[in-house]
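*Asks:* what shape does this take:
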Amino acid sequence: MRLKTKMVHGGITGDKETGAVSVPIYQTSTYQQERAGKHLGYEYSRTGNPTRHALETMITELENGTSGFAFSSGMGAMTSVMMLFQAGDHILMTDDVYGGSYRLMTQVFKQFELENTFVDTSYPDKVEAAIKENTKALFIETPTNPLLKITDLEKMAEIAKKNNLLLIVDNTFATPYWQQPLDLGADIVLHSATKYLGGHSDVVAGLVAVRTADLAESIHFIQNAAGAILGPQDAWLLMRGMKTLGLRMEAIGANAKAIAAFLEQHEKVSTIYYPGFGGMISFDTGSLAQAEKVLSKLQYFTLAESLGAVESLISIPAKMTHASIPKERREALGITDGLIRISVGIEDVDDLIEDLQQALE
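*Replies:* Numbering: from 1, shown residues only. Okay, the predicted model is just below:
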């Protein structure tokens, strides 16, 4: 089954009891048991829900994993994955990560003595040099947020295997349409499904897929014990969004290529970051004042924190998504105050380019 077909027909589809084409929303917390300890597969909706299970099956198949798990947010998914580790363990992470990921590791898990080091994972030699005796995992974000740097996942898998490390990949920007990390050697892949997978700015969710049965057992235990689960209404909305992921990513990718080509030749754009695929583009206008001026003139780009939607979104990372990262660290990474990040939508690309043209001038 090819990928776009799998997005429509993969996982659990329909309802055998009624013939409904859409998976029902099982809005229930409780399930009747035949007798004490004997149930029909579900006992309590924190542990499992049929609608959530359909979604979890879908992400498992799209990422070619063993099992999948749906969480209440992308950060809920990441938090649950980090609960696999213990105090004193060391996690090696991509330096240019989402601001919320940086905050989680440096301000929340720090108090539980989970160590971390940030390194430019686009350079494998830097990764190998940063591995310590207590390193347990590589956490890779590729493309990165917001500078869109690319990490060679097959090379990271080689390094992880050689050093007996787990390889965890945040696949939010690429989505399973462009990149399937488990096929490249990763052990765990996670998504802020709020973004491209949902795609319509109407649901907050996180997804995880794993490569092995042992990891599936561990993640399910944490999911049930910690309880950061996704509700059935949101699970249904997310499945609906994922069915059109392929079509949306094709339209978004075509728009992004055209917009990147326009920005590359514009005299008021000093630097552009675009990996050649996907829907994310970042570009530097030279100053915060200029960036804010551009944003104030736009008509078709919505000023917002999120990304991955059918509508084009725009932000200033230094003031929004990455404001939790200290200024000196942002500047060291290249996240300047004049950096603008675009999440390209599915609008007519000529309208988007004309909008950027008038705003820049």
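
*Asks:* centre of the chain versus the longest helix seen in the chain, how much separation?
*Replies:* Longest helix in the chain, counting residues (DSSP state H): helix 245-264. Put simply, helix 245-264 sits 18 Å off its chain's centre (CA atoms, centre = their mean, to the nearest Å).

*Asks:* residues making contact with it?
*Replies:* For helix 245-264, the surrounding residues in contact (CB atoms under 8 Å, 6 or more residues apart in numbering) are 3-4, 7, 175-178, 196-197, 199, 269, 272, 274, 276-281, 283, 310, 342, 344-347, 349, 352-353, 356-357. For the C-beta atoms, the positions are set from N, CA and C on the backbone; glycine is no exception.

*Asks:* of those, which belong to strands?
*Replies:* Ile272, Met280, Ile281, Phe283, Ile342 (DSSP state E).

*Asks:* check contacts around the third one.
*Replies:* So that's Ile281. Contacts for Ile281 (CB under 8 Å, 6+ apart) come out as Leu148, Ala256, Ile259, Ala260, Leu263, Ile272, Tyr273, Tyr274, Arg341, Ile342, Val344.

*Asks:* the first one and Arg341: what is the separation?
*Replies:* When distance is defined by CB to CB, to the nearest Å, Leu148 is 9 Å away from Arg341.

*Asks:* next one: the fourth one
*Replies:* Distance of Ala260 to Arg341, given as CB to CB: 13 Å.

*Asks:* show me which of these two is the more surrounded one.
*Replies:* A count of neighbours by other CB atoms under 10 Å puts Arg341 above the other of Ala260 and Arg341, at 24 against 18.

*Asks:* run through the bridge partners of the more buried one.
*Replies:* Here Arg341 sits in beta bridges with Ser282, Ser315, going by DSSP bridges.

*Asks:* that one contacts Ser282, correct?
*Replies:* Yes - here Arg341 lies in contact with Ser282, judged by CB atoms under 8 Å, at a distance of 4.7 Å.

*Asks:* overlap in contacts, the two.
*Replies:* Joint contacts of Arg341 and Ser282 (CB under 8 Å, 6+ apart) are Pro146, Pro317.

*Asks:* give the rounded mean pLDDT of the lengthiest strand in the chain.
*Replies:* What stands out as the longest strand in the chain, according to DSSP E, is strand 135-141. Per-residue pLDDT values across strand 135-141 average out to 98.

*Asks:* going forward, begin numbering at 10 instead of 1
*Replies:* Sure thing, new numbering starts at 10, so read that last one as strand 144-150.

*Asks:* who does that strand pair up with?
*Replies:* Strand pairing for strand 144-150, using DSSP bridges, gives strand 99-103 (parallel), strand 175-179 (parallel).

*Asks:* so which of those is the most packed in?
*Replies:* When the strands paired with strand 144-150 are scored by mean count of other CB atoms under 10 Å, the highest mean neighbour count falls to strand 175-179 (a mean of 25).

*Asks:* show me the contact partners of the worst-scoring helix or strand of the chain on mean pLDDT.
*Replies:* Sorting the helices and strands of the chain by mean pLDDT, DSSP states H and E puts helix 336-342 at the bottom, at a mean of 90. Residues from elsewhere that reach helix 336-342, judged by CB under 8 Å, 6+ apart: Asp104, Asp105, Leu156, Pro326, Ala327, His331, Thr345.

*Asks:* quick check, distance from that helix to the centre of its chain.
*Replies:* 23 Å.

*Asks:* only C-alpha atoms, please: export that helix in CSV.
*Replies:* The C-alpha coordinates for helix 336-342 follow below in CSV (Å, rounded to 0.1, in the frame of the first residue of the first chain):
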residue,chain,number,x,y,z
LYS,A,336,18.9,35.7,24.3
GLU,A,337,22.7,34.9,24.3
ARG,A,338,22.0,31.3,23.3
ARG,A,339,19.6,32.3,20.6
GLU,A,340,22.2,34.7,19.1
ALA,A,341,24.9,32.0,19.3
LEU,A,342,22.6,29.7,17.3
